[in-house]
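1. Just the structure for this:
(one chain, ligands or ions: 3)
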Amino acid sequence: MGYFGCHLSASGGNTAMVKMALSIGANTFAFFTRNPRGSKAKKEDPADAARAVRLLEKHNFGKLVAHGAYTMNLCTADPEARAFAAEVLEDDLRRMAALPGNFYNFHPGSHVGQGLDAGIEYISDALKKALRHDYPVTVLLETMAGKGSEIGGKFEELKAILDAVGNANVGVCLDTCHIYDGGYDIVDDLDGVLSEFDRIIGLDRLCALHLNDSKNPFASHKDRHELLGQGSLGLETFRSIVNHPSLKDKPMILETPNELPGYQKEIVLLRAMEK
Ligand code: FE
Ligand code: FE
Ligand code: ZN
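-> Ligands and ions are numbered 1, 2, ... in the order given. Below is the predicted model:
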């Protein structure tokens, strides 16, 4: 049985999220470590985290996939803003120690005209610094659609960051909408895309997936998520993904335009596809 879940609101605390996940049949989930469009983090509550950890174990959850704020751009041009983003990353990883052994995924960043190489260097430097502390969390770089100066739209870019960081505690989270928009044809050639991933990055670094259909056609570099089966990826693509030997045991997180009941329906749909 695979690990399926969705983005949940963290506002009620960790235990509340696990209960919410259970109520919709999820056995993993994602949550924003702080306001996704700002930087404010909520107060830490160790007792609540400990309760959540017990519940996660009791119900055999897969690894959770926390998500860094969209506003955290480790390679932004302004040095002060860049330093602040690096601090936010470090604080997020420290906070993840309350839920040990899970994943923390983030968007690598946008180089905003400084160039790919400079961007990759800033991102790697911030990661190296944050990872010095050895917090019990694996950091995941998300595959991006390659919108504007976004870094991470190509496997080579993620590989360059992984190499520069040189820490085994960094992996990749594959977002289905993003890579299809980014020009990787997982609709007609999932195996080909995964072999390319393996050749460039290594499938051992692929730790989690975001399951989203796309509102836009192949290689549009747009990044607009759609409900499963209502976009350009289609249900058969998701059927292949949930049953693929290299993918089926990884946590799969829905980021489709849904509220809880919609997510619950999609989780039922995904479980029905499992062979
Ligand atoms: Fe994301
Ligand atoms: Fe995503
Ligand atoms: Zn997206």
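
2. Just confirm Glu196 is within a helix.
-> Yes - Glu196 sits within a helix when classified using DSSP: H, G, I helix; E, B strand; the rest coil.

3. Just give me the neighbour total for it.
-> By other Cβ atoms under 10 Å, 13 other residues sit near Glu196. In short, each C-beta sits where N, CA and C put it, glycine included.

4. what residues are up against it?
-> Phe155, Tyr184 (Cβ atoms under 8 Å, 6 or more residues apart in numbering).

5. confidence score at it?
-> Confidence at Glu196, expressed as pLDDT, is 98.

6. Please tell me how far it sits from ligand 2.
-> 20 Å (Cβ to the ion, to the nearest Å).

7. How about Val187?
-> Counting by Cβ to the ion - Val187 and ligand 2 are separated by 18 Å.

8. Three-state assignment for that residue, please.
-> coil.

9. ok, for it, nearest residue in space, not its chain neighbours?
-> Once flanking residues are discounted, Val187 sits nearest to Thr237: 5.1 Å by Cβ to Cβ, 6 or more residues apart in numbering.

10. contacts for stretch 106-125?
-> Outside stretch 106-125, the residues that touch it by Cβ under 8 Å, 6+ apart are 67-68, 70, 72-77, 82, 85-86, 89, 92, 139-142, 144, 148-152, 157-158, 160-161, 164-165.

11. From those residues, list the buried ones, please.
-> For those, a burial check counting by 16 or more other Cβ atoms under 10 Å picks out 67-68, 72-76, 82, 85-86, 89, 92, 139-142, 144, 149-152, 157-158, 160-161, 165.

12. which residues in the stretch 101-250 of the chain form helices?
-> Ranges of helices within the stretch 101-250 of the chain are 116-131, 155-165, 176-181, 190-200, 235-243, based on DSSP state H, counting those that start in this stretch.

13. right, so these: which one is the most enclosed?
-> A comparison of the helices of the stretch 101-250 of the chain by mean neighbour count, using mean count of other Cβ atoms under 10 Å, puts helix 176-181 on top with a mean of 27.

14. closest point of the stretch 51-200 of the chain to ligand 2, which residue?
-> Taking Cβ to the ion, ligand 2 has its nearest neighbour within the stretch 51-200 of the chain at Asp175, 3.7 Å off.

15. roughly how far apart are Gly13 and ligand 2?
-> 23 Å.

16. Start at 45, not 1
-> Done: numbering now begins at 45, and the last item shifts to Gly57.

17. Now that residue: closest residue in space, sequence neighbours ignored.
-> Here the residue nearest Gly57, using Cβ to Cβ, 6+ apart, is Asp92, at 4.6 Å.

18. residues contacting that neighbour?
-> With contacts defined as Cβ under 8 Å, 6+ apart, Asp92 is in contact with Gly57, Asn58, Thr59.

19. picking that back up, list, out of the contacts of stretch 150-169, those positioned next to ligand 2.
-> When contact is defined as Cβ under 5 Å from the ion, these do not meet ligand 2 at all.

20. if you look at the residues you listed, which of them are in strands?
-> His111, Val183, Leu184, Leu185, Glu186, Glu194, Ile195 (DSSP state E).
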